[in-house]
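*Asks:* sequence? don't have it. structure:
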């Protein structure tokens, strides 16, 4: 399956939902199975015109798996093993109070019904850069984060840094606790 022939359609659909230009500059790969793995490389999401940065987000690699039978038979989108590697997120706001991270139209909860479940997410090599209206820049870096979801947060592992300080955290939800 040559997924690259569908790049322009995917760029258009994702771009429309975000209200931003989206470019898949690298290869797009989808394997053929009942739980296909999707891999996209060199993803660029355009920034608003008043910022200094060309892109609000650049992602070196995004990969995830879809449960195809749920999608076909029940029209439910169940996503497994989301991995993002090499991400730069540029957050900016201006003197007028506008920000660049509010994307697309605000939708009601019923609009998101199609996405039924995301099971787990891994982030590696993520830089979040924030620029204040005065031009002061701060960077928060996530070396590694893993979030396991099961109808809510099940566990979280993170190694991150901010201002030369390292944060290492691990959270586990007690699955045996009663809800009295």
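*Replies:* Structure's in. What do you need? None of these values were measured; they are calculated from a predicted model.

*Asks:* tell me where the model's unsure across the protein.
*Replies:* With pLDDT under 70 as the threshold, the chain has low-confidence stretches at 104-115, 175-180.

*Asks:* could you pick out the longest helix of it?
*Replies:* Longest helix in the chain by number of residues, with DSSP state H as the criterion: helix 7-18.

*Asks:* okay, helices next: where are they in the chain?
*Replies:* Along the chain, the segments classed as helices by DSSP H run 7-18, 68-74.

*Asks:* find the nearest non-adjacent residue to residue 60, please.
*Replies:* Of all residues beyond its chain neighbours, the one nearest residue 60 is residue 86 (2.8 Å), with distances taken as C-beta to C-beta, 6 or more residues apart in numbering. C-betas here are computed from N, CA, C, even on glycine.

*Asks:* and that neighbour, how many neighbours does it have?
*Replies:* If you count neighbours by other C-beta atoms under 10 Å, residue 86 ends up with 16.

*Asks:* ok, it to residue 149 distance?
*Replies:* Taken as C-beta to C-beta, to the nearest Å, the spacing of residue 86 relative to residue 149 amounts to 23 Å.

*Asks:* what does residue 48 give?
*Replies:* 30 Å.

*Asks:* wait, residue 122 sits on residue 83?
*Replies:* Yes - counting by C-beta atoms under 8 Å, residue 122 touches residue 83, with 4.6 Å between them.

*Asks:* what is the top strand by length along the chain packed up against?
*Replies:* If you go by DSSP state E, the chain has its longest strand at strand 77-92. Helices and strands touching strand 77-92, as assessed by 3 or more C-beta pairs under 8 Å, 6 or more residues apart in numbering; DSSP states H and E, comprise strand 55-66, helix 68-74, strand 115-118, strand 120-131.

*Asks:* kindly recompute the last result at 6 Å.
*Replies:* Under the contact criterion of 3 or more C-beta pairs under 6 Å, 6 or more residues apart in numbering; DSSP states H and E, the helices and strands touching strand 77-92 comprise strand 55-66, strand 115-118, strand 120-131.
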